[in-house]
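Engineer: how would this look folded up:
(one chain, ligands or ions: 1)
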Amino acid sequence: MTSEHTAAVAGVAVDTRHWIGGARVGSPTAFTDVSPVDGRVLAGVARGSSFEAGAAVAAAKAAFPGWAATPRAERARILHAIADGVQKRSEDLAQVETLDNGALLRSHRRGVMPRVAHNFRFFADRLLTLDLDDFATPAGAVNHVSWDPAGPCVLITPWNAPLMLATWKVAPALAAGNTVILKPAEWSPLTASLLADIAADAGLPPGVLNVVQGYGGEAGAALVSHPDVRRIGFTGSAPTARRIAAAAAGHLTPLSLELGGKSPLLVFADADLDLAVDLAVEQYDNAGQVCLAATRLLVEHSVATEFTSRFVAKAARLRQGDPRDETTDIGPLIHPAQLEKVDGFVRRAVASGAQALLGGTPNVELGGTYYRPTLLIDVAQDSEIVQEEVFGPVLTLQTFADEDEALELANGTRFGLAATVVTSDTGRARRVSERLVAGTVWVNCFFVRDLRAPFGGSRASGIGREGGTWSFDFFCDIKNTVTSP
Ligand code: NAD
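Structural biologist: Numbering: from 1, shown residues only. This next block holds a predicted model:
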């Protein structure tokens, strides 16, 4: 049931308006939010323009001095209260997120929502231990380094892990003493609205967190070109990053860009093949809509046949279906346009000589936006399917003769987000890791994340690092005060 400003999604009331200056604000027009699970319309969501973007930046600017002056311990207390609220409403958040973006309900329940709460707790606690010891010059002048709040921050986030990626930026920005304008992706706008409710209930003062809904080219573009914005944190695709960087250049607004990838998974002949197969099959998680996904399987010649047959046997057993079903392994893609995009990549690859050992088509039995987990072989290193991010359940497999060739293939795209190495030889693991171009290298594991560690991409996968102290480095104006002896 939907009232004028509220959508009931999985029985949860979600306000479809913006959240600006501690109040709900509507727009004259709305955009339609459709569920990838069954194609049902979930909500008509306020379609923000430069007007609402300007109002949100003004609210964030007005709230900034008060929040920046709030003692760290009090800011940390409120962030923990937000984490408590996330935990309390975690089932609501999981249900709404699943209908909104189609990722598995069990992942949202067991992995994502606990991580959302942890994002707030981690940065609240890290804030309290941020300081460096003062240090003196030989002549006795004392250097005192402080992480000063920067001002209003615009945070623009994608649809593949909406609340997790939003709070990965919202939490450190708020902890640092900044105010925030969050613009979630238009394909998955709903949990950001629930976050606004949770933050208000936790006692976050009005204007400290604002949520503007709408299209990237409208509300998003207005936010990133606003002169009063002091930081832009963006997670999304490289083409959008270029537009945002161009807009930010107008006011020299500092940017952090977390972008796409085409990460490799290297399987050496000495690898535990069971582990290698498990890690490779894991790349179909979230229907492959994961920036970090190791979508290029690179396997040493001598074990390629064995690896491939075990991989195909295991991947063929994955169950595709409704993401709310506990037994489902792979849900739908986010949107019909994404299905078209993924299918186009695969069709062009097959037309130019690739062979699908698995999948290769939409799942017509399920209909909607379900795409079969796919493995393509006979792919050339310079082909589109090897070089471009597909963002669907599509893996390629290439073989290599030795470490040098493995590294040439692994580093042979314009991306550099992550890499996974499977080997039982620790010397090889070290040598190969040192030569991989990637923000994160996993050895004999995948997706192990510790929020103290830096996170980000090299080359076209991004600019800057977030996580731990790196998030505060980005979200603060770091100042050195030198006092003469
Ligand atoms: P996208 O670039 O299309 O959109 C991301 C966000 O940018 C959305 O909120 C959109 O509304 C907004 N946007 C679009 N145009 C804009 C403009 N001109 N000005 C301001 N905002 C604008 O990306 P997507 O399709 O939503 O997400 C998928 C991409 O995100 C993939 O490339 C994926 O690899 C990447 N990603 C990266 C990470 C990471 O941490 N490195 C994490 C998740 C996703």
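Engineer: Quick one: name the residues of this protein near the ligand.
Structural biologist: 156-160, 165, 183, 185-186, 215-217, 220-221, 224, 235-237, 240, 243-244, 258-261, 291, 389, 391, 417, 457, 462 (CB under 6 Å from any ligand atom). The C-beta positions use only the backbone N, C-alpha and C, and glycine is treated the same way.
Engineer: May I ask which helix or strand encompasses Arg430?
Structural biologist: Assigned by DSSP states H and E, Arg430 belongs to helix 426-435.
Engineer: list the buried ones in that helix?
Structural biologist: By 16 or more other CB atoms under 10 Å, the buried positions in helix 426-435 come out as 428-429, 432.
Engineer: residues making contact with it?
Structural biologist: When contacts are defined by CB atoms under 8 Å, 6 or more residues apart in numbering, helix 426-435 is touched by residues 266, 268, 270, 403, 406-407, 411, 421, 423, 441, 443-444.
Engineer: which of the buried residues of helix 426-435 lies closest to the ligand?
Structural biologist: Distances from the buried residues of helix 426-435 to the ligand were compared by CB to the nearest ligand atom; the smallest belongs to Val432, at 22.1 Å.
Engineer: Surely Trp470 touches Pro454?
Structural biologist: Yes - using CB atoms under 8 Å, Trp470 makes contact with Pro454 at a distance of 4.9 Å.
Engineer: These two: which is more packed in?
Structural biologist: Neighbours of Trp470 and Pro454, each counted by other CB atoms under 10 Å, are more numerous for Trp470; the result is 18 against 15.
Engineer: For the more buried one, pull up the helix or strand it's in.
Structural biologist: Under the criterion DSSP H and E, the helix or strand holding Trp470 is helix 468-475.
Engineer: For that helix, name the packing helices and strands.
Structural biologist: In this structure, helix 468-475 packs against helix 113-128, strand 142-149, helix 162-175, strand 231-235, with contacts taken as 3 or more CB pairs under 8 Å, 6 or more residues apart in numbering; DSSP states H and E.
Engineer: Check the offset of the longest one from the chain's centre.
Structural biologist: Centre-to-centre, helix 113-128 and its host chain are 16 Å apart (CA atoms, centre = their mean, to the nearest Å).
Engineer: ditto for the last one
Structural biologist: Chain-centre distance of strand 231-235: 12 Å, with CA atoms, centre = their mean.
Engineer: Now do the longest helix along the chain against strand 142-149: the angle between them, please.
Structural biologist: Of all the segments assigned as helix in the chain under DSSP state H, the longest by residue count is helix 50-69. With axes from the mean of the first three to the mean of the last three CA atoms, to 10 degrees as the criterion, the two stretches helix 50-69 and strand 142-149 enclose an angle of 140 degrees.
Engineer: hey, where'd the helices end up in the stretch 251-400 of the chain?
Structural biologist: 273-281, 301-316, 336-351, 384-387 (DSSP state H, counting those that start in this stretch).
Engineer: Same list (those helices) but as TSV, adding distance to His18.
Structural biologist: Written out in TSV, the entries for the helices of the stretch 251-400 of the chain read as follows (distance: least, CB to CB, whole Å):
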stretch	distance to His18
helix 273-281	41
helix 301-316	42
helix 336-351	25
helix 384-387	39
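Engineer: I'd like those as CSV, with mean pLDDT appended.
Structural biologist: Formatted as CSV, the helices of the stretch 251-400 of the chain follow (pLDDT from 0 to 100):
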stretch, mean pLDDT
helix 273-281, 98
helix 301-316, 98
helix 336-351, 98
helix 384-387, 98
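Engineer: Could you dump these into a markdown table and include mean neighbour count?
Structural biologist: A markdown table is the format used below for the helices of the stretch 251-400 of the chain (neighbours: other CB atoms under 10 Å):
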| stretch | mean neighbour count |
| --- | --- |
| helix 273-281 | 19 |
| helix 301-316 | 16 |
| helix 336-351 | 17 |
| helix 384-387 | 18 |
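Engineer: Show me which of the buried residues of helix 426-435 is closest to Leu130.
Structural biologist: Proximity of the buried residues of helix 426-435 to Leu130 (CB to CB) peaks at Ala429, which lies at 32.8 Å.
Engineer: pLDDT score for that closest one?
Structural biologist: At Ala429 the predicted local confidence, pLDDT, stands at 98.
Engineer: Please apply the same query to Ser3.
Structural biologist: So, for Ser3, pLDDT stands at 68.
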